[in-house]
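Visitor: quick one: sequence plus predicted model below, questions after.
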Protein chains: 2
Amino acid sequence: MDDAAPIAGEASGGGRRGRADRGGGAAARRAARTGGGPGTQQTFIKRQIKVYEVLDEEGLALIENNADTVLEEVGIEFRDDPEALELWKNAGADVKGSRVHFPRGLPRSLLRTAPSQFMQHARNPERSVQIGGNATVFAPVYGPPFVRDLDGNRRYATIEDFRNFVKLAYMAPSIHHSGGTVCEPVDVPVNKRHLDMVHAHIKYSDKPFMGSVTAPERAQDTVDMCKILFGEEFIQNNTVLTSLINANSPMVFDDTMLGALKVYARNNQACIVTPFILAGAMSPVTVAGTLTQVLAEVLAGAALTQLVRPGAPVLFGTFASSISMQSGAPTFGTPEPSLVSYGAAQLARRLGLPFRTGGSLCASKIPDAQAAYESANTLNSTLLAGANFVLHSAGWLEGGLASCYEKFMMDVDQLGMAQKLAQGVDLSENGQAMDAIRQVGPGSHFLGCDHTQANFQTAFYRSTVADNNSFEQWEAEGRKTAPQRANELARRWLETYEAPPLDPGIEDGINDFIAKKKESMPDAFT
Amino acid sequence: MDDAAPIAGEASGGGRRGRADRGGGAAARRAARTGGGPGTQQTFIKRQIKVYEVLDEEGLALIENNADTVLEEVGIEFRDDPEALELWKNAGADVKGSRVHFPRGLPRSLLRTAPSQFMQHARNPERSVQIGGNATVFAPVYGPPFVRDLDGNRRYATIEDFRNFVKLAYMAPSIHHSGGTVCEPVDVPVNKRHLDMVHAHIKYSDKPFMGSVTAPERAQDTVDMCKILFGEEFIQNNTVLTSLINANSPMVFDDTMLGALKVYARNNQACIVTPFILAGAMSPVTVAGTLTQVLAEVLAGAALTQLVRPGAPVLFGTFASSISMQSGAPTFGTPEPSLVSYGAAQLARRLGLPFRTGGSLCASKIPDAQAAYESANTLNSTLLAGANFVLHSAGWLEGGLASCYEKFMMDVDQLGMAQKLAQGVDLSENGQAMDAIRQVGPGSHFLGCDHTQANFQTAFYRSTVADNNSFEQWEAEGRKTAPQRANELARRWLETYEAPPLDPGIEDGINDFIAKKKESMPDAFT
């Protein structure tokens, strides 16, 4: 769990990256010294524990066969994108209008050129992450138009909130990735928002990040800004962006998402092709039926990246939720989405693609017990499923409508626990602790023994939010709830935040790019 | 998940059991009709999902070998119990004072006579539970001297609270067992408390329950009351009690626990031999070291039951927590106890004993997000470890110092989710839902399709506590937190509670027994 292992065959540097300062952990270390700081940054998780599986060979083959039948008989729509249809026609698919029917096995065979794992490079090489294999990467919440702020208000998100969440994610030791739309900054014009968002990821963090997908030209702007940051040559040979391409389930991809997908794939940047599923509405009410549809949609969408550029990195994504059959509202942390996550992870591994699922999802409107039960259920299945990339791993509230500061801090604590769990059982001689058992013997205690003294600092995960004190002490300290402690922690982190150093030449280049882009068009708010 | 499967070789009835009315579900059904009722009672979980494992063959053999070394070289103390020491001497162990050293493999070979699974009978045969194999049985919190009541007060528990928790556990569909000391009724004299507690389990529930372990004569009273309830012959051939025998870790059993163990084993009743471990204090600060000590203690304690009566049912128990190395306070829901649970479950299966661990453990003083994160982490690992008997599965708060009504209701909801998860993925034709996918096709929705209509009532787990509505609706309904909704639910259940019918002859017999016992001794409060 110490350092990012370089992946064979990937360039380990290049372009202007050498100029980026590696001191990204300095602020964290300073904050830690002042007390209540975030602690030492961790690299992405290299799981040393097994994955958990819910399907056997027979079940997997059944679902794969059914998905092939869906692709062949029902087909997938690629709407308003003649180029995508042309690519499919040339690849041998049967195209009628915008509906594409696939010969059995075609998408799967196209995906043989996609890498099973790759590195996403960060401007600080220590923060680069492996996507795929035994790696798990945690990224923050994505997409909410609202925030639940530190004064307890629910309101529209601003660019200031956006920057705050980037800062908190930068400081959080167990967040490995800066994410994308950590909240939707609705105070910035829609057509210029992506520039400020990407700028914030570059300036306020040195962790890897995601690109804009709301229009092909915004995806291109993201790529162009990365050319300034990493150097043009570097990004053609390396992946520096991992971006979210949702299917319009059931069985539709629209031109917005397809446009962004093509830009990223063409530039060798990673797409996460994700059916956004509220089971019962966008897919059947069963786990097996949902898995079938998810697989069919991913096969179609992910294979398209290989038609655009063979070898472009692409992830098998799934966003699994069920709806309440009483109200139609989405529900989270329930058993069925966990089963979908476990099953989809198995399907992704058989396909040889990195896998995205889960996070810390919940339907609660406040960071209460409901939020925590649901988030913990989701995160536990996410980790044990062997998810490689985890969006929404901190801060998600209210079915994704709000980014919550307090929940962010509580979730980050849970991510640290997940990272520790993923280390598995230490069976070294020190781990076996036979000396301790011999030294202490029956009826005594281990508090002062040599082995405990030698190991106590790293022995157990140390929660940043939990109060483990006695009732009396907790009462004397003001009867604080977990969100209240999380609130104090968020304020302290934001007060002690220091930006990671950024080469002034690069910063000027990016500022110039943004200024020119913004000048080139009037503000648009819809 | 429908009915309790009878176990081959076990008598399916006998004694006076035929007289017990089977109408235990009537009150539940009535309450359900009035709205907000608990719903249909479920039998114990028959897991159709795999267990999760954290140790490979090599690791398991290493820990087993180390445990044998501890038993041989360090030994286990059996304090103030000459009979236990005599039994060990006769079995071939090396006894010096109260310290017993075991020839390698002796306890393991003695345990060959212990059943790998058995039925614990309830007075309502529909509520009998399988202990072991692929069964998981949920029982309530055990032991707290305090309650957190429905008015938000933390105070000493009373017999009225005790009865309330028995009633709630009786009504909860996903609680399969009435448990034991659901809270400590401190308003009843210490030496008579067990009579009122066992009485409450018999009168206010028809689910199986646990016996007193605070003195050998109280264990005997429990057995004698069960003779009245089930018939003397029945209980000699069948197990109707599963009771908790804690080791005084490290490596000590005291005469109180040994006395109760001997009474239950002699009467063919089940003991759960459980090292109560706060790792770092009662065991080494490492997972492997803790597992080694747990295994050694269980081997010694469980094997003793077989010396008392070969064939007596006994469980491999573990209560795993870590302490905060800063304050010494116990912590819950952290990664290390989860690893201990997974590993201990593997060791128990290799030993061929039913396994107890976990529950819904937390350190929080209130039913807030901390309580929920910690409880969910614990419950997830409990279920996936394949625990057979789960104490503390609902209501546990404050490191076990308080039984909380609101937390009880929230936990019960989570247990229902666990029960659904354990069903795994339905791969039947209906589960595959190909007709639904064909009928709906691209760009439509599944809400109204035939398959959804046919399945919507049972498709997804329906939470009793979660609020999945929109922010606006939640706000309009009073911005209630999860504990507030749980509070309302607990009040509604208690208002609609109806006792399961009990044969008047049996009831009189038990009342007479209690009255005579109480008259026979003065009250004692220490």
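Guide: Yes, it's here.
Visitor: next one: the closest residue to A:Ser393 other than its chain neighbours from chain B, what distance?
Guide: Closest residue to A:Ser393 apart from its sequence neighbours, by C-beta to C-beta, 6 or more residues apart in numbering or on different chains: A:Phe138 at 4.1 Å. Any C-beta I mention is one placed from the backbone N, CA and C, and that applies to glycine too. Between A:Phe138 and chain B the distance is 15 Å, computed by C-beta to the nearest C-beta, to the nearest Å.
Visitor: contact partners for A:Phe138?
Guide: Each residue near A:Phe138 by C-beta atoms under 8 Å, 6 or more residues apart in numbering or on different chains is listed here: A:Ile45, A:Ser174, A:Ile175, A:His176, A:His177, A:Val390, A:Ser393, A:Ala394, A:Leu415, A:Ala418.
Visitor: ok, now A:Phe456?
Guide: A:Phe456 neighbours (C-beta under 8 Å, 6+ apart): B:Gly280, B:Val285, B:Met325.
Visitor: bridged to the residue nearest to the first one when sequence neighbours are not counted, which residues?
Guide: Spelled out, it's B:Gly280. Sequence neighbours aside, B:Ile323 is the residue nearest to B:Gly280 in space, at 4.4 Å (criterion: C-beta to C-beta, 6+ apart). With DSSP bridges as the criterion, B:Ile323 is bridged to B:Pro330.
Visitor: mind listing what B:Ile323 touches?
Guide: Counted by C-beta under 8 Å, 6+ apart, B:Ile323 has contacts A:Phe460, B:Leu278, B:Ala279, B:Gly280, B:Ala281, B:Ala329, B:Pro330, B:Thr331.
Visitor: return the longest strand belonging to chain A as CSV; C-alpha atoms alone will do.
Guide: Counting residues, the longest strand in chain A under DSSP state E turns out to be strand A:270-279. Coordinates of each C-alpha in strand A:270-279 appear next as CSV, following Å, rounded to 0.1, in the frame of the first residue of the first chain:
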residue,chain,number,x,y,z
ALA,A,270,-10.4,6.7,-21.2
CYS,A,271,-14.2,6.5,-21.3
ILE,A,272,-16.3,4.8,-18.6
VAL,A,273,-19.3,3.5,-20.5
THR,A,274,-22.0,3.3,-17.9
PRO,A,275,-25.6,2.3,-18.2
PHE,A,276,-27.3,4.6,-15.7
ILE,A,277,-29.9,2.2,-14.4
LEU,A,278,-32.8,2.6,-11.9
ALA,A,279,-33.9,-1.0,-12.1
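Visitor: following the chain onward from it, which element is next?
Guide: The C-terminal neighbour of strand A:270-279 among helices and strands, as given by DSSP states H and E, is helix A:287-308.
Visitor: look at the residue of the stretch 251-400 of chain A found nearest chain B and report its pLDDT.
Guide: Relative to chain B, the nearest point of the stretch 251-400 of chain A is A:Gly289 (2.8 Å; C-beta to the nearest C-beta). For A:Gly289, the pLDDT comes out at 98.
Visitor: what about it, how many neighbours?
Guide: 26 (other C-beta atoms under 10 Å in any protein chain shown).
Visitor: quick check: it touching B:Arg438?
Guide: No: A:Gly289 lies out of contact with B:Arg438 (C-beta atoms under 8 Å); the separation is 10.9 Å.
Visitor: which bits of the stretch 201-350 of chain A sit near chain B?
Guide: A:248, A:250-252, A:279-293, A:322-331, A:333-336, A:338-339, A:343 (C-beta under 8 Å from any C-beta of the partner chain).
Visitor: pull out the buried residues from the residues you listed.
Guide: Neighbour counting over those (16 or more other C-beta atoms under 10 Å in any protein chain shown) leaves A:248, A:250-252, A:279-293, A:322-325, A:329-331, A:333-336, A:338-339, A:343 as the buried ones.
Visitor: residues contacting the closest residue to A:Asn469 other than its chain neighbours?
Guide: Nearest non-adjacent residue to A:Asn469, counting by C-beta to C-beta, 6+ apart: B:Ala329, 5.8 Å away. B:Ala329 makes contact with A:Asn468, A:Asn469, A:Ser470, B:Ile323, B:Ala363, B:Gly399, according to C-beta under 8 Å, 6+ apart.
Visitor: what's the closest non-adjacent residue to the third one?
Guide: If you skip the residues right next to it in sequence, A:Ser470 has B:Ala329 as its closest partner in space, 7.1 Å away by C-beta to C-beta, 6+ apart.
Visitor: any low-confidence regions in chain A?
Guide: A:1-36 (pLDDT under 70).
Visitor: which residue would you name as the spatial centre of it?
Guide: The residue lying closest to the centre of chain A (C-alpha atoms, centre = their mean) is A:Leu391, at 2.6 Å.
Visitor: that residue: what's it in contact with?
Guide: A:Ala139, A:Pro140, A:Val141, A:Tyr142, A:Gly179, A:Gly180, A:Leu244, A:Ile272, A:Arg356, A:Gly359.
Visitor: now secondary structure too, for the residues you listed, in JSON lines please.
Guide: Formatted as JSON lines, these follow (DSSP: H, G, I helix; E, B strand; the rest coil):
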{"residue": "A:Ala139", "secondary structure": "coil"}
{"residue": "A:Pro140", "secondary structure": "coil"}
{"residue": "A:Val141", "secondary structure": "coil"}
{"residue": "A:Tyr142", "secondary structure": "coil"}
{"residue": "A:Gly179", "secondary structure": "coil"}
{"residue": "A:Gly180", "secondary structure": "coil"}
{"residue": "A:Leu244", "secondary structure": "strand"}
{"residue": "A:Ile272", "secondary structure": "strand"}
{"residue": "A:Arg356", "secondary structure": "strand"}
{"residue": "A:Gly359", "secondary structure": "coil"}
